[in-house]
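Student: dropping a prediction and its sequence here:
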Amino acid sequence: MDPTPPPTSDAKDTLEMGVANTAFIVERLGRDCAPLQYLRELTQNSIEAILDTPDRQGEIHWDVDWNHYDLTGQYKLAILDTGVGMDGDDMLKYINQLSSSSHEQAHDANFGVGAKVAAATRNHAGLLYLSWKDGRGWLTHLWRDPNTGQYGIARSRREDGSYHDYLRLSDDVRPPLIDGHGTMVVLLGQDDEHNTVEPPEGIEGRQRWIQKYLNTRYFRFPEGIQVKVREGYQSPRDDPHRNMLKPVRGQKHLLDNESTWSDSVSLTGATAHVWILNEDIGTKNYGDKWAASGHMAALYHDELYEMVTGRAGVGRLQLFGVIFGHNRVVIYVEPHDDTRLSSNTARTQLLIDGEPLPWAEWAAEFRANMPLPITKLMEEITAGTTGNDHKQAIKERLRHIRDLIRNVSRYRRTSAGPIRVSDSTVGGAPRNRDEDATSDGTAKSGSRAGRAGGIYALFVDDTGDSAEEVASDPMPEVRWISERHDPPTRTPDLLEDRAAKYLPDQNLLQINANFRVITDMIDRWCDLYGEVPGARPVVEEVVQEWFEQALVETVIGAQSLKGSPHWTLDDLAKLWSEEGLTSSILPRYHVDVNVRRTLGSKLGSLRDKAVA
């Protein structure tokens, strides 16, 4: 007889995994969160609570907990909403369990960990949850126990020795915003004296840091939900002109009201939403509340992820082909396939099937379908630039050392082509079709080795398609940019105190005419030829030409290393990085010698002038 009893209906086949050290997990996840991530998490909780009400309308206020201030004199930041609210049992269920949420958990929705991780790890003194549901108020306190270091509900002991996990609240402390239902969460900081209304260390914008974060985090808020933030909290409360609640609307509000043009571009699996900002937007002091100049981000469920501004934003916009005027162009790429799309746990990055977004592929598509208004904007900016084309002079000089410079070959498919190619980036060297193999079928040992072609070129492959070599110019296109052009072709966040930038996908070299190594050389020779009328334009032209040659040679030389087993694309990118190109012109002796010789032929030698 089988001694094993049959399974009962309530038996479990698996003993569920537990967490041995919850505090460690919470702290580890908290390290992945951005410094202000808790603002997003608590705001999103309030949005979802309002959307759970019958009319799906309400208000969210980031304000001072005035009750706390009146009783203690300490400023504590609080978020209030008119959502559905929680009772005491709800609080224990949703607040004191790490992955618990009142909404369905999903990879593309709510994880149930956000506020508990992002906020609790930055507020060891705790978060006070005051909530009203069906007209009754409840209080609980999530904190980090100072004795054990564990996160959880702070309990209060009853006279009989049992504990309160939550308390009933008197209506005397109910904020005016909340009527029959709603919630207030108070951030207590690290200790009683911590002023949590002030921004954390390292965050700029003392008065409007919350507005700036929420505006740049949210594209727009759901219809019917108003979000407001306290400004001027230390001014008298009866002064409505300085101490007041100001609305937060998200980036869409600014872009729609401060743009001259907007449209969308279809990409593979995504849509790029594009705006050209008003020319005078930089004079309107929007920067303390919005991302008010050119930038890029990913758009997902009306939130903005992976936003890049400043130098990083310029770099990505240029990758998308916005070479000039990037301070006026905003691009938000919105992926389509929600079934494959998710965010990381800290909600700082979007992932497709667990992989980063394909920015490079989208950039190539966008460049191929560049909107005409952006093309016209770039043409208007570059129309006023002056300067001679140095390309032919530099090519002629490099012709004498062409045996030292390996050409970057490119190929095109043709049925009668003498060589074979494929799209693979690991193809071999070109071979004549009649030299493909010896009589025994093995490849000839004397075949030319190495790889050829640019990043997006066709590469040679022994078994690929027939092709022929086409003319390829390794010389990059060169654009000198300057903040002194009218209109400026360089903004302060582009190549500030750097010599040049190379865009390999477009074979474009941008050189900073304002870089001090170049301007110092110009000033040096202008001083030496100070008595020659009209010398400065000639000096500028000559100095720029010789620095341009040094930079062009660096780019071409880096290209010639492509295909070596010891030089990956990442290694090459370091050579033509802004820092790499800058280092290439720091040795100035040979440039100075060539400038002296060239200026001597154009303006007369300095020795002759000394004799005269």
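Tutor: Structure received.
Student: I'd like to know how far residue 127 sits from residue 187.
Tutor: According to C-beta to C-beta, to the nearest Å, residue 127 stands 6 Å off from residue 187. To be clear about C-beta, it is placed using only N, CA and C from the backbone, and glycine gets the same treatment.
Student: list residues touching both of the two?
Tutor: residue 119 (C-beta atoms under 8 Å, 6 or more residues apart in numbering).
Student: can you show me the helices along the stretch 151-300 of the chain?
Tutor: 209-217, 251-257 (DSSP state H, counting those that start in this stretch).
Student: export these to CSV and tack on mean pLDDT and mean neighbour count?
Tutor: Shown next, in CSV, are the helices of the stretch 151-300 of the chain (pLDDT from 0 to 100; neighbours: other C-beta atoms under 10 Å):
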stretch, mean pLDDT, mean neighbour count
helix 209-217, 96, 23
helix 251-257, 97, 18
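Student: would you agree residue 164 is in contact with residue 155?
Tutor: Yes. With contact defined as C-beta atoms under 8 Å, residue 164 counts as touching residue 155 (6.4 Å).
Student: just the strands in the stretch 401-550 of the chain please.
Tutor: For the stretch 401-550 of the chain, the strands defined by DSSP state E, counting those that start in this stretch occupy 410-413, 419-422, 459-460, 465-470, 477-481, 500-503, 508-512.
Student: least confident of those, on average?
Tutor: When the strands of the stretch 401-550 of the chain are compared on average pLDDT, strand 459-460 comes out lowest at a mean of 42.
Student: how distant is stretch 153-170 from the center of its chain?
Tutor: Centroid separation for stretch 153-170 versus its chain: 46 Å, with C-alpha atoms, centre = their mean, to the nearest Å.
Student: avg pLDDT for that stretch?
Tutor: Throughout stretch 153-170, pLDDT has a mean value of 81.
Student: pull out the buried residues from that stretch.
Tutor: The neighbour-count check on stretch 153-170 (16 or more other C-beta atoms under 10 Å) flags 153, 165, 166 as buried.
Student: return it as PDB; C-alpha atoms alone will do.
Tutor: Taking Å, rounded to 0.1, in the frame of the first residue of the first chain, the C-alpha atoms of stretch 153-170 are listed here in PDB:
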ATOM      1  CA  ILE A 153       6.000  50.200   9.800                       C
ATOM      2  CA  ALA A 154       7.000  52.000  13.000                       C
ATOM      3  CA  ARG A 155       4.700  50.400  15.700                       C
ATOM      4  CA  SER A 156       3.300  52.100  18.900                       C
ATOM      5  CA  ARG A 157       2.800  50.000  22.000                       C
ATOM      6  CA  ARG A 158      -0.600  49.900  23.700                       C
ATOM      7  CA  GLU A 159      -1.100  49.800  27.500                       C
ATOM      8  CA  ASP A 160      -1.800  46.100  27.300                       C
ATOM      9  CA  GLY A 161       1.500  45.400  25.600                       C
ATOM     10  CA  SER A 162       0.100  44.900  22.100                       C
ATOM     11  CA  TYR A 163       1.000  47.100  19.200                       C
ATOM     12  CA  HIS A 164      -0.700  49.600  16.900                       C
ATOM     13  CA  ASP A 165       0.400  49.300  13.300                       C
ATOM     14  CA  TYR A 166      -1.800  52.200  12.300                       C
ATOM     15  CA  LEU A 167      -3.800  54.800  14.100                       C
ATOM     16  CA  ARG A 168      -7.200  56.600  13.600                       C
ATOM     17  CA  LEU A 169      -6.800  60.300  12.800                       C
ATOM     18  CA  SER A 170      -8.800  63.200  14.200                       C
END
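Student: residue 380 and residue 485 touch, don't they?
Tutor: No. Contact between residue 380 and residue 485 fails when scored by C-beta under 8 Å: they sit 11.8 Å apart.
Student: compare these two and say which is more crowded by neighbours.
Tutor: Under the criterion of other C-beta atoms under 10 Å, the comparison of residue 380 against residue 485 puts residue 485 first, with 19 against 12.
Student: mind checking the SS state of residue 313?
Tutor: The three-state assignment at residue 313 reads helix, by DSSP: H, G, I helix; E, B strand; the rest coil.
Student: OK, contacts around it?
Tutor: Shown in contact with residue 313 (C-beta under 8 Å, 6+ apart): 294, 295, 296, 326, 493.
Student: kindly state the beta-bridge partners for the third one.
Tutor: Same thing as residue 296. Beta bridges link residue 296 to residue 308, residue 331 when assigned by DSSP bridges.
Student: for it, give me its contacts.
Tutor: For residue 296, counting by C-beta under 8 Å, 6+ apart, the contacting residues are 307, 308, 313, 316, 317, 320, 330, 331, 332, 333.
Student: I'd guessed the fifth one sits against residue 294; true?
Tutor: Read that as residue 317. Yes. Using C-beta under 8 Å, residue 317 makes contact with residue 294 at a distance of 5.8 Å.
Student: who touches both of these two?
Tutor: Common neighbours of residue 317 and residue 294 (C-beta under 8 Å, 6+ apart) are 326, 329.
Student: could you list the domains of the chain?
Tutor: The chain breaks down by automatic domain parsing into domains covering 22-248, 251-382, 409-470, 477-611.
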